[in-house]
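Engineer: Let's see this in three dimensions:
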Amino acid sequence: MAAAALAACDSAPSGDQPAACEAPSGCVRADRVAGACECLEWQLVSIEPVPVRFLVVGIIYPPLGDQSSVAYGYTDSSFVLPPGLTASSDLGARWRAVVRSADGSESAAPLGPITTGPGDWGPVVGVTEASAVMALPTSAAMWWAQSDADVQSHDSDLFLIWINPAAMVATDYAGNKSVIWSWRSDCSYPAGCGGPYVFTFSAEQLSGKVIPIDPYVKAMIDAFDQADRSTILAYDPFYAGAATTATLGADPRFKALGTASLNPYQAIAPPTSWLPCASSLTDDTFLPLAETEVPFGQRETLVIQHGVLSTSVACKQQLPGVLVGSTSPTCFFDAQTFVDTMFGTLLMVPSTLSEGCTRN
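Structural biologist: Next comes the predicted model:
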């Protein structure tokens with residue numbers, strides 16, 4: 001079809017006015033580009049639904065210390081937070097869709113129309129030509145106030161999941177593919193979905209260690225099959241394998257910020273400022289940090305790849321909030337603190353941890 005990209009043009013008349021472009025077969029609109037006639041819009045020949053069942057848009061990791069807290073989003077005087085805890089940072093996920101053909105060839109698909117509209121999160125918006133983002137609104141914030149124990153099991157990690165995404169792959173007359181993002185009203189939420197819905201599930205609920213008491217949460221968990229739950233949990237480095245300072249430090253998804261410390265003399269939280277990119281984001285420099293494969297159509301696959309979180313091409317400084325503290329008089333620790341750049345959230349990996357720290 002590549003040969004059809006140039007539209008047929010009549011020979012130029014004797015005057016200075018160039019002839020109008022004649023659209024070739026399958027072309028909706030043609031015009032001159034740099035003096036040559038080209039098709040600017042091809043007719044769509046197929047729109048195939050892709051059974052995308054979920055999209056992970058965040059993981060919140062518990063901090064060390066039973067009086068420690070983390071915060072994300074954009075806090076102001078309307079939020080009741082622990083004294084000294086503020087945040088000015090995005091929370092969410094940015095991704096692109098790669099279409100893999102039956103022969104194994106792949107190409108990143110540009111975004112088609114986005115029709116999600118606003119929900120409790122979002123709406124989904126385009127960042128680059130091929131990548132989109134869903135993030136917590138700038139009028140909202142989320143935080144974790146530790147209380148049960150100084151050291152929480154990673155069964156307590158919280159997954160933020162968009163439960164009703166809808167994706168369609170559109171193919172035009174020239175064979176170009178794009179991805180249309182929307183939402184499904186017939187979702188796993190028992191009352192149905194009236195927009196894009198993001199819900200919070202714990203790792204222990206997803207793994208089946210704990211059965212949710214809330215029937216609505218249980219219904220949504222039950223809508224995921226075992227493969228879905230395993231795929232979701234694999235986004236968490238503590239479930240994907242033994243996460244250490246070495247493994248996280250070698251992974252481009254995680255950025256080391258400094259050491260959080262607690263001892264009898266002081267509680268220190270490291271600086272949390274980080275920048276998603278040095279200048280601006282482009283599709284050519286998109287670095288996949290995690291991916292999910294969804295088969296569709298005639299032996300094709302939609303590969304959803306998460307990249308670094310940013311709500312715009314021009315990256316802005318991020319400042320999630322963190323406080324460190326404990327009520328345990330003999331709990332002392334030093335912990336390397338990282339930012340999960342895929343979601344904008346903080347996690348701590350202890351290098352020293354006293355026996356006086358309570359555990360659950």
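Engineer: CA only for contacts and neighbour counts going forward, please
Structural biologist: Noted.
Engineer: What ranges in the chain fall below the confidence cut-off?
Structural biologist: 1-18, 77 (pLDDT under 70).
Engineer: Neighbours of A256, how many?
Structural biologist: By the criterion of other Cα atoms under 10 Å, A256 has 18 neighbours.
Engineer: For it, pull up the helix or strand it's in.
Structural biologist: Using DSSP states H and E, A256 sits in strand 254-262.
Engineer: How far does the following helix or strand past that strand sit from its chain's centre?
Structural biologist: Once strand 254-262 ends, the next helix or strand along the chain (criterion: DSSP H and E) is strand 267-268. Relative to its parent chain, strand 267-268 has a centroid offset of 31 Å by Cα atoms, centre = their mean, to the nearest Å.
Engineer: now do stretch 151-162
Structural biologist: 16 Å.
Engineer: cool, and stretch 241-250?
Structural biologist: Distance, centroid of stretch 241-250 to centroid of chain: 21 Å (Cα atoms, centre = their mean).
Engineer: who touches it?
Structural biologist: Residues from elsewhere that reach stretch 241-250 (Cα atoms under 8 Å, 6 or more residues apart in numbering): 237, 254-256, 336, 349.
Engineer: Which one (most neighbours) among these?
Structural biologist: Going by other Cα under 10 Å, F254 tops the contacts of stretch 241-250 with 22 neighbours.
Engineer: wait, what's in contact with that one?
Structural biologist: 248, 338-341.
Engineer: Which one of the residues you listed is nearest to S279?
Structural biologist: T341 (15.8 Å; Cα to Cα).
Engineer: Make sure that closest one is actually in contact with S310.
Structural biologist: No: look at T341 against S310 with Cα atoms under 8 Å: they stay out of range, at 9.1 Å.
Engineer: Mutual contacts of these two, please.
Structural biologist: Common contacts of T341 and S310 (Cα under 8 Å, 6+ apart): P276.
Engineer: So if I had to pick from these two, which one is more boxed in?
Structural biologist: S310 (31 against 22).
Engineer: follow-up on the earlier one: farthest-apart pair in the contacts of F254, please.
Structural biologist: Between any two of these (Cα to Cα), the greatest distance is 11.6 Å, for L248 and T341.
Engineer: Taking the centroid of this protein, which residue is nearest it?
Structural biologist: A93 (1.9 Å; Cα atoms, centre = their mean).
Engineer: ok, it touching T345?
Structural biologist: No: between A93 and T345 there is no contact under Cα under 8 Å: 10.8 Å.
Engineer: residues shared between the contacts of the two?
Structural biologist: G58.
Engineer: can you list the residues that contact stretch 109-119?
Structural biologist: By Cα under 8 Å, 6+ apart, the surrounding residues in contact with stretch 109-119 are 96-99, 123-126, 129-132, 170, 177-183, 194-197.
Engineer: and the residues you listed, which are buried?
Structural biologist: Buried subset of the contacts of stretch 109-119 (neighbour count, 16 or more other Cα atoms under 10 Å): 96-99, 123-126, 130-132, 170, 177-183, 195-197.
Engineer: quick one, helices of the stretch 201-350 of the chain?
Structural biologist: Shown for the stretch 201-350 of the chain, the helices assigned by DSSP state H, counting those that start in this stretch span residues 203-207, 215-222, 226-233, 237-240, 245-249.
Engineer: how about these, which one is nearest A19?
Structural biologist: helix 226-233 (56.0 Å).
Engineer: Show me what the closest one is packed against.
Structural biologist: helix 203-207 (3 or more Cα pairs under 8 Å, 6 or more residues apart in numbering; DSSP states H and E).
Engineer: All the strands of the stretch 101-250 of the chain, residue numbers only.
Structural biologist: For the stretch 101-250 of the chain, applying DSSP state E, counting those that start in this stretch gives strands covering 106-109, 111-114, 125-126, 131-135, 141-145, 158-162, 165-172, 177-183, 198-202.
Engineer: What pairs with the longest one, parallel or antiparallel?
Structural biologist: To tie it back to what came earlier, the one meant is strand 165-172. strand 44-50 (antiparallel), strand 177-183 (antiparallel) (DSSP bridges).
Engineer: Rebuild the ones you listed as CSV, extending it with distance to N164.
Structural biologist: Below are the strands paired with strand 165-172 laid out as CSV (distance: least, Cα to Cα, whole Å):
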stretch, distance to N164
strand 44-50, 12
strand 177-183, 6
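Engineer: what's around A278, how many residues?
Structural biologist: Neighbours around A278, by other Cα under 10 Å: 9.
Engineer: my guess is S351 meets L262, correct?
Structural biologist: No: contact criterion Cα under 8 Å: S351 and L262 do not qualify, at 12.0 Å.
Engineer: what touches both of the two?
Structural biologist: Shared contacts of S351 and L262, defined by Cα under 8 Å, 6+ apart, comprise 333-334.
Engineer: Between these two, which is the more surrounded one?
Structural biologist: The neighbour comparison of S351 against L262 (other Cα under 10 Å) goes to L262, with 21 against 12.
Engineer: How far does stretch 121-138 stretch from one end to the other?
Structural biologist: 10 Å (Cα to Cα, to the nearest Å).
Engineer: Other residues contacting that stretch?
Structural biologist: 57, 73-74, 90-97, 108-111, 114, 116-118, 196-198, 281-283, 309-313.
Engineer: Quick one, which of the residues you listed are buried?
Structural biologist: Buried, going by 16+ other Cα under 10 Å: 57, 73-74, 90-97, 108-111, 114, 116, 196-198, 281, 309-312, out of the contacts of stretch 121-138.
Engineer: The strand holding A256: partners in the sheet, and parallel or antiparallel?
Structural biologist: Checking strand 254-262 against DSSP bridges gives partners strand 267-268 (antiparallel), strand 333-340 (antiparallel).
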